[in-house]
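# sequence and computational prediction follow.
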Amino acid sequence: MTQTLLKNGNVFDPGRGTMLERHDVLIDGDRIVRISATPIEAPGAKQVDVSGKTVMPGLIDCHVHVLASNANLGLNAGMPAVLTAIRALPILEAMLKRGFTTVRDAGGADWALAQAIAIGLVSGPRIFPSGKALSQTGGHGDFRERSDHLEPCSCAFRVGAIARVVDGVDAVRLAAREEIQKGATQIKIMASGGVASPVDPIANTQYSEDEIRAIVAEAEAAQTYVMAHAYTGRAIARAVRCGVRTIEHGNLVDREAADIMRQHGAFVVPTLVTYDALARDGARLGMPPESIAKVEKVRQAGRDSLRIYADAGVPMGFGSDLLGEMHADQSQEFRIRAELIGNLEAIRSATSIAAAILQRDGELGTVTEGAMADLIVVDGNPLTDISVLADGDAHITLVIQGGRLQ
């Protein structure tokens, strides 16, 4: 197998919070096989001198939409399939260059795109796809405008659509099974109103509890879990009580809902950077006025929510949720979080905590012997200067994904 030896770097493992100065890291195939304070002898290995630089885990973004090359999701859903896929390629490549070796797609990307990356046909982060998110009629995944006649939703077969509209216990059971059969690694549901959709107020709850429980049961039967778009404390508590494992966004949480999350072992994936980007660029990039009007309702609340989650002990994963040209702001999420919860916790959200969300503890998001060789080498110390990560690829000198130098 191909070996790579990283020589004399400062090895940072966020989960343990340790920085090991002047260590060698030996990679064999797709795994880290040795980390040593004394020089490693590996004559056949490709040697890379990383003296003075930080070797750390590849980053994980737990909430992306890699097929959303258009800021208006309704328009995105109407694009031809081939164009939708091709427009995603530079988005994927840029994410990898920014150090994101793994992403969890929250609606849109499928098994086929994940496979294209896995076999090296396409350059990009490893994808944990959700397939199509599940939305009730009139929910966050229903982008039909108000009318006196409701046309059938064609979203289930459009490549650019992030969701499919499905109602009723039996129907959602079948939809969950179909997404799993097609290769979804987890199921995404819309459990409250949202910003990007045109007709559902943010405070609405979506799906009946019976429907949510049915979806959760199908996911658990397939040895996976449900992630839920939810904003308010009411929607969050309701979803978590029904068995949802990760809450997406969660800007309008209250302490009661956060305590319920902690009691049930749930995670949250805030996506703060997207609201800054939408406020700045959303209208210019084609977001409908109804959506722009919702942004300020949740923007500051999202920042406030991090303290609520931290005080309640709810683990927070890293998410960006950007659309169209705004994908370029992905790394800025680090800067926002570092200001609110500190550098180490911001980094953990995209490494050890994110790996736990993906159910890949000890394999991803860590620099330990036996772990997957997903690593980045950065010029600087992110514990003392978050711009090392927040400035995109400016300070990233090497990306290694599954043992392969990118």
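That came through fine.

# any weak-confidence spans in the chain?
1, 143-157, 196-198 (pLDDT under 70).

# can you give me the buried ones in the longest helix seen in it?
For the chain, the helix with the greatest residue count under DSSP state H is helix 289-312. Across helix 289-312, burial judged by 16 or more other CB atoms under 10 Å covers 291, 294-295, 297-299, 301-303, 305-306, 308-310, 312. The C-beta positions use only the backbone N, C-alpha and C, and glycine is treated the same way.

# so which of those comes closest to Leu92?
Ser291 (24.8 Å; CB to CB).

# run the chain-centre distance for the longest helix of the chain.
18 Å (CA atoms, centre = their mean, to the nearest Å).

# for it, packing partners?
Applying 3 or more CB pairs under 8 Å, 6 or more residues apart in numbering; DSSP states H and E, one finds that helix 289-312 makes contact with strand 246-252, helix 255-264, helix 273-281, helix 332-341.

# compare the ones you listed and give me the one nearest Arg348.
helix 332-341 (9.4 Å).

# okay, the angle between the closest one and helix 273-281?
110 degrees (axes from the mean of the first three to the mean of the last three CA atoms, to 10 degrees).

# what packs against helix 332-341?
Packed next to helix 332-341, using 3+ CB pairs under 8 Å, 6+ apart, are helix 273-281, helix 289-312, helix 343-349, helix 387-390.

# any chance of these in CSV, plus distance to Thr185?
CSV is the format used below for the helices and strands packed on helix 332-341 (distance: least, CB to CB, whole Å):
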stretch, distance to Thr185
helix 273-281, 22
helix 289-312, 24
helix 343-349, 20
helix 387-390, 25
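
# out of those, which gets nearest to Ser36?
The nearest among those, by CB to CB, is helix 343-349 at 23.5 Å.

# distance from the closest one to the middle of the chain?
Using CA atoms, centre = their mean, the offset of helix 343-349 from its chain centre is 15 Å.

# Val166 touches Arg173, doesn't it?
No - with contacts counted by CB atoms under 8 Å, Val166 stays clear of Arg173, the gap being 9.7 Å.

# the two: which has the busier surroundings?
Val166 (27 against 17; other CB atoms under 10 Å).

# could you say which helix or strand holds the closest residue in space to that one that isn't next to it in sequence?
Spatial nearest neighbour of Val166, chain neighbours left out: Ala175 (4.4 Å); criterion: CB to CB, 6 or more residues apart in numbering. If you go by DSSP states H and E, Ala175 is part of helix 169-181.

# and that helix, what's buried?
Quick answer for helix 169-181 (16+ other CB under 10 Å): Val172, Arg173, Ala175, Ala176, Arg177, Glu178, Glu179, Ile180.

# please name every helix or strand in contact with the next helix or strand after it.
Counting by DSSP H and E, the element after helix 169-181 in chain order, helix or strand, is strand 187-190. The contact analysis (3+ CB pairs under 8 Å, 6+ apart) places strand 187-190 against strand 133-135, helix 169-181, helix 209-221, strand 226-232.
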